[in-house]
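Undergrad: Below is the sequence, then the predicted model.
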Amino acid sequence: MIAIFGLIFGIVLGLIFDPVVPYALQAYLPIAVVAAIDALFGAGRAYLEGKFNDRVFIVSFTWNVIVASLLVFLGVQLGVGAAMTTAVVVVLGIRIFSNAAAVRRSILGA
């Protein structure tokens, strides 16, 4: 319940203050969001399987965002930023859909 209030509070603050992402960080924000979504779906899957651990979730969430952002940063430094971004999105997308399918199977039994 606290998480839902926190989410609503964050959305309201975002709408009120309308934060601006600096240009230098704009390439990393979508990757960080996709990595965070991957961690959230992984947490949902773990919760439904009875294996959820809050410490593992926090570490996974943080580590996914850091590693994905570092991979994109490395790609930008090597001159293949778009290719590296695509690769990270594809890998994380596969993981998201895999976790979403496991959640669906757990909830619907199909």
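TA: Thanks, I have it. Numbering: from 1, shown residues only.

Undergrad: Next, the buried residues of the lengthiest helix in the chain.
TA: Once the chain is assigned using DSSP state H, the helix that runs over the most residues is helix 81-108. Across helix 81-108, burial judged by 16 or more other C-beta atoms under 10 Å covers 84, 85, 88, 89, 92, 95, 96, 99, 102, 103. In this view, the C-beta of every residue, glycine as well, is placed from N, C-alpha and C.

Undergrad: Next one: the residue sitting nearest the centre point of the chain relative to residue 79, how far apart?
TA: By C-alpha atoms, centre = their mean, the chain has its centre lying nearest to residue 36, at 1.6 Å. According to C-beta to C-beta, to the nearest Å, residue 36 stands 27 Å off from residue 79.

Undergrad: do the same with residue 48
TA: 42 Å.

Undergrad: more neighbours, those two?
TA: More crowded of residue 48 and residue 79, by other C-beta atoms under 10 Å: residue 48, with 15 against 9.

Undergrad: Find the residue closest to that one in space, skipping its chain neighbours.
TA: Distances taken as C-beta to C-beta, 6 or more residues apart in numbering put residue 106 closest to residue 48, at 3.9 Å, once the chain neighbours are dropped.

Undergrad: now residue 74
TA: residue 84 (6.7 Å).

Undergrad: That neighbour touches residue 72, doesn't it?
TA: Yes - between residue 84 and residue 72 there is a contact at 5.6 Å, judged by C-beta atoms under 8 Å.

Undergrad: can you map out the helices along the chain?
TA: With DSSP H as the criterion, the chain has helices spanning 2-17, 29-48, 54-78, 81-108.

Undergrad: what comes into contact with the shortest one?
TA: Looking back up the chat, that one is helix 2-17. Outside helix 2-17, no residue is within contact range by C-beta atoms under 8 Å, 6 or more residues apart in numbering.

Undergrad: Tell me how far it lies from the chain's centre.
TA: Relative to the centre of its chain, helix 2-17 is centred 17 Å away, using C-alpha atoms, centre = their mean, to the nearest Å.
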